[in-house]
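>>> Below are the sequence and a predicted model for it; my questions follow.
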Amino acid sequence: MSWLSLLFTLGTVHVAALVAPGPDFALMLRASVVGGRRYAFFLALGLASAIMLHTITVTFAAALLQHWLPQLMLWLPWCAALWLGYLGYGCLSGALATQESVQHKQMPKTLRSYSRRHGWWTGFATNALNPKAYVYFFSVIAGMLPLQSPLQFKLALVILFFSLALLWFGFLGWALNIPRCSQWLQRNNRGILVFSGVILLLFAMLLLLQGYQRL
C-alpha cells in the first residue's frame, strides 16, 4: 500500500469516527443553539485542536512504542479492530433503535454572549480529556501505521486529521443554525449512522487481516 493510499484509508476511518454519534455532536448542537454560529466555530476549532494534539502525540509516540515494545505493536491492530468494531456496532444499534427527536422547544431561543476563548477552551478540554479519544488514537492510528513512517507522512496525517475535524465540526456549527439543514440531519440520522457503522466494521475486518499478517 502506498503512502497516499494509507493516508486516504486513515482519513476515511477518521471521517467515519467523526460522524459517529458522541459527546462532540451534542456539544456542537448546544453551542449552535445557545452561543450562535461564531461561538460554535471557535468551539469546533477547539475540538479540532485537541484532535491535532492526539494525532501528534500518537503519531510520534508510535515510533517509541515500536522500538521499546515491539510485541505490543503486533497486537495493536487487533485492539484497533475491536475498538472500531465496537464503534460500528454502536452506530448500527443506534440506527435500529427508536430515534428520539430533538426537543427544540426546550432549548433557549435567545443567544448568550460567549467569548471566543471560552468556545475554544470548551471544545479543546472536551476532546483533550476524553479517555475514549486516547483509546481510539492509540489503537487505530498506532495500529495502522507501518513500522517505519517518513516524517512527511506523519505531518500530512496531522494536517489531514485536523482539517477533517475542523471541516466537519465547522459544518455542524454552520448547518445547525439553519432550520432546513438541521431538519435534514435529523431526518437522515439513521442513514448517517448506517453509513458510519458499515465503514467502521469494514475497516475493523481489514485490521483483523492486517493483524494476522503481522503475526
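Yep, it's here.

>>> Check which helices and strands the helix ranked longest in the chain sits against.
In the chain, assigned by DSSP state H, the helix with the most residues is helix 36-68. Packing contacts for helix 36-68, counted by 3 or more CB pairs under 8 Å, 6 or more residues apart in numbering; DSSP states H and E, involve helix 23-34, helix 70-96, helix 116-128, helix 131-136, helix 142-144, helix 151-175. Every C-beta, even on glycine, is put in place using the N, C-alpha and C of the backbone.

>>> and those helices, which is most packed in?
Of all the helices and strands packed on helix 36-68, helix 142-144 carries the top mean neighbour count, a mean of 21, counting by mean count of other CB atoms under 10 Å.

>>> Just the mean pLDDT for stretch 51-70, thanks.
The average pLDDT for stretch 51-70 rounds to 76.

>>> Then stretch 11-24?
Mean predicted confidence for stretch 11-24 is 80.

>>> What residues sit buried inside that stretch?
Using 16 or more other CB atoms under 10 Å as the test for burial, stretch 11-24 gives 11, 13, 14, 15, 16, 17, 18, 19, 20, 21, 22, 24.

>>> which of those residues lies closest to residue 160?
residue 11 (5.4 Å; CB to CB).

>>> My read is that that closest one contacts residue 165, right?
No: counting by CB atoms under 8 Å, residue 165 is not a contact partner of residue 11; they are 11.0 Å apart.

>>> list the contacts for residue 157?
Each residue near residue 157 by CB atoms under 8 Å, 6 or more residues apart in numbering is listed here: 7, 10, 55, 59, 141.

>>> Contacts only, for residue 10.
141, 144, 157, 160, 161.

>>> What sits closest to the first one if chain neighbours are left out?
Same thing as residue 141. Closest residue to residue 141 apart from its sequence neighbours, by CB to CB, 6 or more residues apart in numbering: residue 58 at 4.7 Å.

>>> For the one you found, grab the count of nearby residues.
Neighbour count for residue 58, taken as other CB atoms under 10 Å: 21.

>>> what's the answer for residue 146, then?
Residue 146 has 12 neighbouring residues, counting by other CB under 10 Å.

>>> rewinding a little: between the contacts of residue 157, which is closest to residue 90?
Minimum distance to residue 90 across the contacts of residue 157 is 19.7 Å, recorded for residue 141 (CB to CB).

>>> how near is that closest one to residue 60?
Separation of residue 141 from residue 60 (CB to CB, to the nearest Å): 11 Å.
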